[in-house]
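Peer 1: the following block contains a protein sequence and its predicted model.
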Amino acid sequence: MEGVLEPPCWDGNSPNPGLKPLAKNLLQCLRSGSNVALEREFDANWPGYLDAEVTKKRIAVIREIACGPGMHTMFAALFNEVDKRKQYTCMMLATFMCVVDDMLTLLLSHPEFLPTLTRMLWNKIDIPEDHRGPPVPAMHVRRSAIVSLSFIVREQSKPPGITPFFEHLAWLERIAFLEKLCDLGIPAAAVANLNDREALNDEVLVGKGMMVVRTICSGADTSQGGSEKCLDTLIKLRAFEAIAQHAIAPSNLRPHMLAVVETLTAIARVAGIQKLEEYPGLMDSIQTLWVRRQVPDPPIPPGQPWDSNKVVAYAAAELVAYVAKVNGRPSPIPGVMSRNTQEKVARREKDCFCAGCGRRPDVKGIGGTPGFFRWCRCSRCKVMRYCSKKCREVHWMKGHWNECVPLWLVP
C-alpha cells in the first residue's frame, strides 16, 4: 500500500482543484443518504473500491473530502442514530477513506468513531425502504462495519527510512489500540458475526471477521511483547468455539476453509492447544481435511472464492504437526514441516508453480517461464510466487486481496 504523500491540508483549501468534482459527487451522495447512488458512483469512478490500488489520484480525492466541511458532514451523518440509511452510507464512505494512513488517524481521533462502529457491528434492525433506495438487511449493515474494522486493524504501511526504534513505538501503539478495541467490545462483536447464521453465506463477514481475530491474536502473543489484556479478551470471547464449529461442519464455509484453519492455528499458538484437543471431533475433522488433498477441486466460475483442497490440506497438516510437537509425540501425518521450516529448505524448481497461471519454471528448456530465481512474490504475504508481474496483478484482483494476510499477523 502506498504511504502518506504529504500532510493533509486542514484549512479548507483544495489540495487538487481538478479532483474537486469527484469528491463533490461522493459528498452529495453522503448528504442525500442514498447508498444506491454512492454504490453507482463507486462503480463508475472507483470499480472495486475495496480492493482497488491506492493511487495518488485516489489519495487526493480522499483528502479533498477531508478538507473543509466534508469531514464535519461525514461525522455528523455517522453519529446520527435516527437516520440509519444515512449512517450506513457514511460508513461506506468512511471505509473508502480508511485506506490512507493519515485519514485513518483522523477518523480514529474522534472519540465517538469506534463506539459508533461497535453499535453498528451489533446491529439487528433492517433499514426500511424509502424514497432514497430499497430496504437494506441488517446483515449488510454489519458487513459494512466489519469491512471498516478490517481496514482499521490492517498492517499499517511503512514509509521508507523508518528505524527500529520507531517500529517498536508503532508496535506499542498497535497494542494500545487493540486494548482499546477490547475495552469497547469490538472484538466480541466481530466474533459474534461468525456465529450469526445469516452471515455464514456472506464471504465478507466471515473472511474479514476471521482476519480481525487473527489480528487480535498478534496482539495477544505475550511471548512477542503482546498484551495480557488482549489475551484475556481472546479467551473470554469464545472465539475458538465460534470458529471450531465451522471446521467440523465445513459445508457452509467451504470457500474459506484456509482462513478457518489458519485462524485456529493462530489461536492455538497464543492460547494453547488444550481447547483444540478437548473440542469434540475437531482434530478428526482437521485430519480429514488432509485426506482430501487428493480430491480434485470442482470447476469454480472466475471471480468466486474457493480454497484449493491441496492448500487447505497442507494448512491442516501444519496444525496437526504443531499439536503433536507440543505434546512431544510424532506427527500422525508424516513428512509435513512447519511453515518456518519450509522457508529454510529450498524448494526444488520442478515442484514450484506460478500461483497466477500455474505454469512451472523453466527447467532445462521445459516450462516456458523464467528461472525460479527470477520470479517475483507477493510483497504482502511473502508466500505466493509468480512468473511475472502481470500474473501477480491478475491473481490479486481475482481474490488474493481477500485472503492475503501478512505473515506477522499469524503467530
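Peer 2: Noted; the coordinates are in hand.

Peer 1: report how many residues lie close to Leu169.
Peer 2: By other CB atoms under 10 Å, 12 other residues sit near Leu169. Heads up, the C-betas are built off the backbone N, CA and C, glycines and all.

Peer 1: please apply the same query to Met257.
Peer 2: Using other CB under 10 Å, the number of residues around Met257 comes to 23.

Peer 1: contacting residues around the closest residue to Val212 other than its chain neighbours?
Peer 2: Closest residue to Val212 apart from its sequence neighbours, by CB to CB, 6 or more residues apart in numbering: Ala190 at 4.5 Å. Residues in contact with Ala190 (CB atoms under 8 Å, 6 or more residues apart in numbering) are 121, 146, 149, 209, 212-213.

Peer 1: now with 10 Å, please.
Peer 2: 121, 142, 145-146, 149-150, 153, 181, 205, 208-213, 215-216, 237, 239, 242 (CB atoms under 10 Å, 6 or more residues apart in numbering).

Peer 1: relative to Lys84, how far out is Lys124?
Peer 2: Noted for Lys124: a distance of 12 Å to Lys84, by CB to CB, to the nearest Å.

Peer 1: could you check which of these two is surrounded by more residues?
Peer 2: Ranked by neighbour count (other CB under 10 Å), Lys124 and Lys84 place Lys84 first, with 19 against 10.

Peer 1: surely that one and Met120 touch.
Peer 2: Yes: between Lys84 and Met120 there is a contact under CB atoms under 10 Å: 9.4 Å.

Peer 1: what do these two both touch?
Peer 2: 138, 141.

Peer 1: can you pull out the strands in the chain?
Peer 2: Remark: strands assigned in the chain by DSSP state E are 376-377, 385-386.

Peer 1: can you list the strands that the first one pairs with?
Peer 2: This means strand 376-377. Here strand 376-377 is paired, per DSSP bridges, with strand 385-386 (antiparallel).

Peer 1: what is the mean pLDDT for the strand it pairs with?
Peer 2: Mean pLDDT, strand 385-386: 81.

Peer 1: check the offset of it from the chain's centre.
Peer 2: Remark: strand 385-386 is offset 21 Å from the chain centroid, using CA atoms, centre = their mean, to the nearest Å.

Peer 1: for the remainder of this discussion, apply numbering that starts at 44.
Peer 2: Yep, numbering from 44; the last one is strand 428-429 now.

Peer 1: where along the stretch 194-343 of the chain do the helices fall?
Peer 2: Under the criterion DSSP state H, counting those that start in this stretch, the stretch 194-343 of the chain contains helices at 207-227, 229-237, 246-263, 271-279, 282-291, 300-314, 317-321, 325-334.

Peer 1: which of those sits closest to Trp444?
Peer 2: Taking CB to CB, helix 246-263 is the member of those nearest to Trp444, at 10.6 Å.

Peer 1: quick one: list the elements packing against that closest one.
Peer 2: Here helix 246-263 touches helix 181-195, helix 207-227, helix 229-237, helix 271-279, helix 282-291, helix 300-314, helix 444-446, going by 3 or more CB pairs under 10 Å, 6 or more residues apart in numbering; DSSP states H and E.

Peer 1: Thr265 is nearest to which of those?
Peer 2: Here helix 271-279 is closest among the helices and strands packed on helix 246-263 (CB to CB), at 6.1 Å.

Peer 1: for that closest one, give me every contacting residue.
Peer 2: For helix 271-279, contacts defined as CB under 10 Å, 6+ apart pick out 218, 221-226, 228, 230-231, 234, 256, 258-265, 269-270, 282-283, 309-310, 313-315, 318.
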